[in-house]
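Need a 3D model of the following:
(chains A and B)
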Amino acid sequence: MLDERGAVAGLLRFARELRWSDVPTPVRERTIQGVVDTVGVMLGGVDSDPSVRAQAVVARTEGTGVVRPVGIDRAVSWASAAWLSGISGHALDYDDTHWVTILHGSNPTLAAALAVADGSGAVTGEKLLTAYLAGFEVAARVARSMPTEHYSRGWHITGSTGGIGAAVAASRLLESDAPTLTMAVAHAANTGSGHRQHFGSNAKPVNSGNAGRNGLVAALLAQQGFDADPAGIEGRVGFWRVMCDVPEPGALVDGLGSTWEMLGNGIKPYPCGVVSHPALAGTERLLGNGTLASDIDSVELLVHPLVVELTGKDSLHSDHDVKFSIRTLVALTCQGHGRDVTAYSAEFVRSRPEVRELFGRISVTASDRLGTDQAVVTITRKDGTRAVEKVETTPGSPADPISWEVLRDKFTRLIAARGISPEQAALAFGRLRDVETLPDVSVFTGTRVFAQ
Amino acid sequence: MTVVGAYCGSHGAIMMTREADAPRRQRDSIYSAFARVGAEIAALEPDAVLIIGTDHGRIYTWDLVPSFVLGVGDQAQGIGEAGTPEVTWPMHGDVARAVLTGALTQNIDMSYSEVMRIDHSFVTPMLLMGLDKSIPIVPLMSNCNAPPIPSPVRYLRIGQVIGETLEALPQRVVLIGTGGLSHWVGDPARREFLRRPAGTRWRDADKHAMVLPDTGPINGEFDNELLSALRDGRAAQFAADWPEERIEAEAGNGAQEIRNWLLVAAAVPRWRAQVLSYEQVGQWLTGSAIVSFT
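This is a model prediction of the structure:
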């Protein structure tokens, strides 16, 4: 028989006692890639509309603080640093995804951890990696423990569970003891929120920022002996009961130490939600096999039903409309812009009539038979011939992890899009890739990662 | 906690009517597992057995197709179909009333019957377990066979509510969920008829009476996925992974009955299933299993 309180305690014990030397090599590599990718999308997102507006709010309401958000050369409060890093990191919908839960766990977790690193100083790369991994594993397992109603009811799982990961990571860096960690997690569970209604608006990345900030504040509150009910997750009217119909407590502890959620995390090659990726990968392959964009008469997409639900937008009012329109994304990909972060904007699409024109010749059909990492793309050419590509596993999914080369290319494009030189991008990439041996990771905050 | 035992098992009457057709080893494995469950239940000395079965279109015909019906009264009547005998069984009114009130209080609009009739989905496992008539039952019929049917998530929620209701009762109760695993109920014409839209079937019901035996292949992968999900306490994940259409396409319309297993698993969320027997019995056209939760 499984005891719910025991399951929560078991998971937090694991998170508290996790040592980098106990982590298997493949998990270490994915964790390091997670840091590189997450800091990369934070750096790439600081000029985005949601990040710029959020920075304006902080500038208007706060005096000078002591901690720098990632990519922003302005010292703010610890909480606002985590908030801004979290918003920047999710603004482009380009941060990584834990595929089975659709949790974007790295971003809030590292947003909180890097605020602590800059605020308290002398956090080594190994400490950061361990704290991040511990936080990620906890958030992903909590997300897993709610397999049915939670997401479908409308919770944005990054907002609801990401803060718990952030609280764990921050607590690790603050060296909190067991009761303090339990309290931090209870505080974070109490603040989990965010609704899917806002997908396609600036409020979506705010959920990620809120998760990072709330998790950090939860850890700091607990450090001050600020109590919460310790049964914040499993209690009678706590997180689980409010957030889902039937929780599965076993998901917190089954295979702990041998099954790693980090290996279920996927780093995105395309700057949009993962549900679109199989169709984009199929389109890229067909074009790589010699079909020219100018030859295309029509494109038929057969996709998982969630793709239709989440990316059925036809309007073109904002940049979000681009990312949440599978037809626009496929049209962009046909024109060679599938991995081009600067092309994922309403302005860019409007300036390319050929993209809008092709958009009208793309049809989408949902199929229950396909998994979320599968799609069938059929291109009919103007000469009447057809080419079909079935995507069985998507690049960047857990089954087909991203390579260092593709990650470097993604990072370089993100930095170049902000007008930063390739030399500085290469310097930053090298520092991030070597995070494991870095003596002080506060170099990742502000813009110091680009400094010679 | 007054749930003192929880079990699930297949319920095909074919296990009795074609007992001799099955390979000896498989027959013995299934029969001894049912007998073991019967002996365990007797030893647990429960006040009542809450058994969740279904109907195969013989009790609830097209004039009324309820999703969930709880038997509340003195005795249940086994209607004697599919080769099972007509039997009457005492019911436990107090536990039944408490479950009904508990469900309604939690906004679950459960139907009830004061003259409850039950089919082989209840009677077969009760007979194979050798359940003693001195233990009254509380039968709960769920519609697994006449589409559209309630979602698996609904079964989880009802299981959760039943578990919480029973927890507050003084009586000692055993739960039994019946149905599945992978199998196709009815011949292809009957299955095609069942797939017609609701509201279009009643006129032609005479032309498409239930014809046994069942047909179609056993899907061992589906069966094993369910059993390992219950072993690992992942009933809700299983429900998320196997929506109705996927079950229908890959494991058969009869496999929809595993909803009753999910209900039991959700009623005892801290318990894990132990598989007492699983056999792919070709002669019975069914992936047949019996599990015990501890």
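
Count the neighbours of the residue of chain B found nearest chain A for me.
Nearest residue of chain B to chain A: B:G233, at 3.6 Å (C-beta to the nearest C-beta). Just so you know, the C-beta spots here come from the backbone N, C-alpha and C atoms, and that holds for glycine as well. A count of nearby residues for B:G233, using other C-beta atoms under 10 Å in any protein chain shown, gives 25.

nearest spatial neighbour of it, skipping sequence neighbours?
Nearest residue to B:G233 in three dimensions, chain neighbours excluded: A:G250, at 3.6 Å (C-beta to C-beta, 6 or more residues apart in numbering or on different chains).

With A:L2 instead?
Excluding its sequence neighbours, the residue lying closest to A:L2 (C-beta to C-beta, 6+ apart) is B:R270, at 4.7 Å.

correct me, but A:A140 touches A:G264?
Yes. Judged on C-beta atoms under 8 Å, A:A140 makes contact with A:G264 at a distance of 7.0 Å.

out of those two, which sits in the more crowded spot?
A:A140 (28 against 19).

Which secondary structure state is assigned to the more buried one?
Following DSSP: H, G, I helix; E, B strand; the rest coil, we place A:A140 in the helix state.

mind checking pLDDT for it?
pLDDT recorded at A:A140 is 98.

How about the contacts made by it?
Neighbouring residues of A:A140 by C-beta atoms under 8 Å, 6 or more residues apart in numbering or on different chains: A:H98, A:T101, A:L103, A:G105, A:G165, A:E261, A:M262, A:G264, A:N265.

Please tell me how far it sits from A:L256.
Note on A:A140: its distance to A:L256, by C-beta to C-beta, to the nearest Å, is 12 Å.

Next, the closest residue to B:A146 other than its chain neighbours: phi, psi?
The shortest distance from B:A146 to any non-neighbouring residue, by C-beta to C-beta, 6+ apart, is to B:V65 (5.0 Å). Backbone dihedrals for B:V65, given as degrees, to the nearest 10, come out at phi -120, psi 90.

isn't B:V65 right up against B:N143?
Yes. Assessed by C-beta under 8 Å, B:V65 is found in contact with B:N143 at 6.2 Å.

hang on, the earlier thing: I'd say the residue nearest to A:L2 and A:G6 touch.
No. Here B:R270 lies out of contact with A:G6, judged by C-beta under 8 Å, at a distance of 9.7 Å.

B:Q171: how many residues sit nearby?
B:Q171: 15 neighbours (other C-beta under 10 Å).

again, but for A:G419
Neighbours of A:G419 (other C-beta under 10 Å): 7.

And it, how close does it get to A:D319?
The gap separating A:G419 from A:D319 is 18 Å, by C-beta to C-beta.

contacting residues around residue 269?
Since no chain was named, I'll use chain A. Contact partners of A:P269, counting by C-beta under 8 Å, 6+ apart, are A:H277, A:R339, A:P395, A:G396, A:I402, A:V406, A:K410.

that answer is for a different chain, and I need it for chain B
By C-beta under 8 Å, 6+ apart, the contact list for B:P269 reads A:L2, A:V246, A:P247, A:E248, A:P249, B:Q160, B:G163, B:G233.

OK, now which residue of chain A is nearest to chain B?
For chain A, C-beta to the nearest C-beta, closest residue to chain B: A:G250, 3.6 Å.

Check whether that residue sits in a helix, strand or coil.
helix.

The residue nearest to B:G233 touches B:R234, doesn't it?
Yes. With contact defined as C-beta under 8 Å, A:G250 reaches B:R234; the gap is 6.8 Å.

What about residue 92, how many residues nearby?
With no chain named, the answer covers chain A. Neighbour tally, A:L92, other C-beta under 10 Å: 24.

um, chain B though
Neighbourhood size, B:H92 [other C-beta under 10 Å]: 23.

With A:R369 instead?
A count of nearby residues for A:R369, using other C-beta under 10 Å, gives 12.

now A:N265
Around A:N265 there are 25 other residues, counting by other C-beta under 10 Å.

And for A:G430?
Neighbour count of A:G430, defined by other C-beta under 10 Å: 11.

Likewise for A:R13?
For A:R13, the neighbour count with other C-beta under 10 Å is 15.

quick one: secondary structure of the residue of chain B most remote from its centre?
Taking C-alpha atoms, centre = their mean, the residue of chain B most remote from its mean C-alpha position is B:R203, at 28.4 Å. Recorded secondary structure, B:R203: helix (three-state DSSP).

Would you mind giving the secondary structure of A:R418?
Here A:R418 is recorded as coil under three-state DSSP.

so A:L329 makes contact with A:K323?
Yes. Counting by C-beta under 8 Å, A:K323 is a contact partner of A:L329 at 7.2 Å.

if I look at those two, which residues touch both of them?
A:C272, A:S276, A:T311.

From A:P278, how far off is the last one?
To tie it back to what came earlier, the one meant is A:T311. As defined by C-beta to C-beta, A:T311 lies at a distance of 12 Å from A:P278.

Could you do B:P23 as well?
44 Å.

swap in A:K268?
12 Å.

Who has more neighbours out of those two?
It is A:P278, of A:K268 and A:P278, that has more neighbours when counted by other C-beta under 10 Å, with 30 against 26.

all strands for the chain, in order.
No chain in the question, so chain A it is. Taking DSSP state E, the strands of chain A run over residues A:97-98, A:265-266, A:296-303, A:362-366, A:375-381, A:386-391.

I was thinking of chain B, sorry if that wasn't clear
Taking DSSP E as the criterion, chain B carries its strands at B:3-9, B:48-53, B:68-71, B:75-78, B:87-90, B:111-113, B:117-118, B:137-142, B:173-178, B:273-281, B:286-293.

circling back: of the contacts of B:P269, closest to A:A178?
A:P249 (19.1 Å; C-beta to C-beta).

What is the burial count for that closest one?
Neighbourhood size, A:P249 [other C-beta under 10 Å]: 23.

Please look at it and A:S145 and confirm they touch.
Yes. Contact criterion C-beta under 8 Å: A:P249 and A:S145 qualify, at 6.3 Å.

which residues touch residue 235?
You didn't pick a chain, so chain A it is. A:D229, A:R241.

wrong one, I was asking about chain B
So B:A235 contacts A:V246, A:E248, B:L156, B:A229, B:W261, B:L262, B:A265, B:A266 (C-beta under 8 Å, 6+ apart).

closest to A:S48 among these?
Checking the contacts of B:A235 one by one against A:S48 (C-beta to C-beta), the nearest turns out to be A:E248, at 36.0 Å.
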